[in-house]
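> Below are the sequence and a predicted model; questions follow.
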Amino acid sequence: MAVVIDTSSENEALCLPDACQTHPAITDYERGEIVCGGCGYVLTQNMLDMSHESNMFSQEDYLKTARTGPATSLRMYDRGLYTMIGSDKDSSGNALSNKTKYEFNRLRTWDQRSKSRSNATLGKALTKLHGMKAKLNIPENVAEHAAYIYRKAVAAKLTRGRTMPSLLAASLYAACRENNIPRTLNDVVEAGNVEKKNVSRDLRTIIKKLDLNLNQYDTASFITKISNNLNFKEKTKRDAFNILRRCEDKMITAGKHPMAQAAASLYIACLLNEEKTSQRKIAEEAGISDVTVRNRITLIKKTLKLV
């Protein structure tokens, strides 16, 4: 029996008035009890095991020592609570008899047949979501939220007349918008290998049917994204933030494309810091036309009176 003697006054105070107050309390972790060391009175029973798992540095150590499995996830079609029927060996490693093998083969067959068609389709969709997450470098919580939106769309029967990749891309873009992750619709379309018009249509449907409230992207996050991809200097980035702030004070950013505003602010900052670049290069990185960037640059220069 594993016991620990606790001499703290807190556990001593738990004893009854007529119990021995001079003996320490004893903690029995195997039975989950705390007893008085003098009279044996049970002070606490059915304790929760709050001890930590032992250190694990490999998958083999984890399988040997862990008492719990991984957390459930919406990005798995069965949320990680799957049924797995092992090989034709028992727990000791001995081969099963022919009769037992036949029974387990039948169990595997019926386990496969019992899975509904919707689970198979959902599994393919969430597998594709994992691939899009890897291509776009999306955080885990955003991918989890995208899976949640897609499951709600499936439950609302929005899959009728729509393709799975398009609806999945729309769900991922909506999750990025809600979590302020700077990914444009073009980025999601390219990662999902779908047509942009279909994703835009499905996005409008999801917003309407699921009553989503998607806020506009923070333009500053696009400045960081473009400048990091083009390896601009830190001073250029700070000047672009300053130009963006002045544009917001002048109220000329309302209703404008955030990516175009970020690209224009960054190009003007490059001119002020004599950093060589071109409007076309920034426009291609931002995924918009150079004409749009040029129009935004003209308006910013005229409003802020920049040379």
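Cool, got the structure. Numbers count the residues shown, from 1 in each chain.

> what's in contact with stretch 261-271?
219-220, 222-223, 226-227, 232, 236-237, 239-241, 243-244, 247, 253, 276-277, 279, 282-283, 285-286, 288, 293, 296-297, 300-301, 306 (C-beta atoms under 8 Å, 6 or more residues apart in numbering). For every residue, glycine as well, the C-beta is placed using N, CA and C.

> of the residues you listed, buried ones?
In terms of neighbour count (16 or more other C-beta atoms under 10 Å), the buried residues within the contacts of stretch 261-271 are 219-220, 222-223, 226-227, 232, 236-237, 239-241, 243-244, 247, 253, 279, 282-283, 285-286, 288, 293, 296-297, 300.

> Spell out, range by range, the helices that occur in the stretch 151-300 of the chain.
164-178, 185-192, 196-209, 219-230, 234-249, 258-272, 279-286, 290-304 (DSSP state H, counting those that start in this stretch).

> packing partners for the second one?
In terms of contacts (3 or more C-beta pairs under 8 Å, 6 or more residues apart in numbering; DSSP states H and E), helix 185-192 is packed against helix 117-136, helix 164-178, helix 196-209.

> Could you save those as TSV and add columns showing distance to Leu271, mean pLDDT and mean neighbour count?
What follows is the helices and strands packed on helix 185-192, written out as TSV (distance: least, C-beta to C-beta, whole Å; pLDDT from 0 to 100; neighbours: other C-beta atoms under 10 Å):
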stretch	distance to Leu271	mean pLDDT	mean neighbour count
helix 117-136	31	82	15
helix 164-178	31	91	24
helix 196-209	32	92	16
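
> got CSV for these, with distance to Met84 too?
Below are those laid out as CSV (distance: least, C-beta to C-beta, whole Å):
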stretch, distance to Met84
helix 117-136, 15
helix 164-178, 26
helix 196-209, 34
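
> and of those, who's closest to Asp90?
helix 117-136 (29.6 Å; C-beta to C-beta).

> ok and the closest one relative to helix 164-178, angle-wise?
Taking axes from the mean of the first three to the mean of the last three C-alpha atoms, to 10 degrees, one finds helix 117-136 and helix 164-178 inclined to each other by 50 degrees.

> CA atoms of helix 117-136 as PDB?
Taking C-alpha atoms only, helix 117-136 is exported to PDB below (Å, rounded to 0.1, in the frame of the first residue of the first chain):
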ATOM      1  CA  ARG A 117     -22.400   6.800 -46.200                       C
ATOM      2  CA  SER A 118     -22.400  10.200 -44.700                       C
ATOM      3  CA  ASN A 119     -19.500   9.300 -42.500                       C
ATOM      4  CA  ALA A 120     -17.500   8.200 -45.500                       C
ATOM      5  CA  THR A 121     -18.200  11.500 -47.300                       C
ATOM      6  CA  LEU A 122     -17.400  13.500 -44.200                       C
ATOM      7  CA  GLY A 123     -14.100  11.600 -43.800                       C
ATOM      8  CA  LYS A 124     -13.100  12.600 -47.400                       C
ATOM      9  CA  ALA A 125     -14.000  16.200 -46.700                       C
ATOM     10  CA  LEU A 126     -12.100  16.500 -43.500                       C
ATOM     11  CA  THR A 127      -9.100  14.800 -45.100                       C
ATOM     12  CA  LYS A 128      -9.100  17.500 -47.800                       C
ATOM     13  CA  LEU A 129      -9.500  20.100 -45.100                       C
ATOM     14  CA  HIS A 130      -6.300  18.800 -43.500                       C
ATOM     15  CA  GLY A 131      -4.500  19.200 -46.800                       C
ATOM     16  CA  MET A 132      -5.700  22.800 -47.300                       C
ATOM     17  CA  LYS A 133      -4.700  23.600 -43.700                       C
ATOM     18  CA  ALA A 134      -1.100  22.400 -44.400                       C
ATOM     19  CA  LYS A 135      -0.900  24.400 -47.700                       C
ATOM     20  CA  LEU A 136      -2.100  27.700 -46.100                       C
END
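
> Look up how far Ile252 lies from Ile300.
7 Å (C-beta to C-beta, to the nearest Å).

> cool, Ala262 as well?
Distance, Ala262 to Ile252, by C-beta to C-beta: 14 Å.

> out of those two, which sits in the busier spot?
Ala262 (30 against 17; other C-beta atoms under 10 Å).

> and Ala286, what does it touch?
Per C-beta under 8 Å, 6+ apart, neighbours of Ala286: 222, 226, 259-260, 262-263, 293.

> Can you find the helix or strand in the chain with the smallest mean pLDDT?
helix 9-12 (a mean of 43; mean pLDDT, DSSP states H and E).

> State the paired neighbours of the helix or strand that that helix is followed by in the sheet, together with their directions.
Using DSSP states H and E, the next helix or strand after helix 9-12 towards the C-terminus is strand 25-28. Paired neighbours of strand 25-28 in the sheet (DSSP bridges): strand 3-6 (antiparallel), strand 33-36 (antiparallel).
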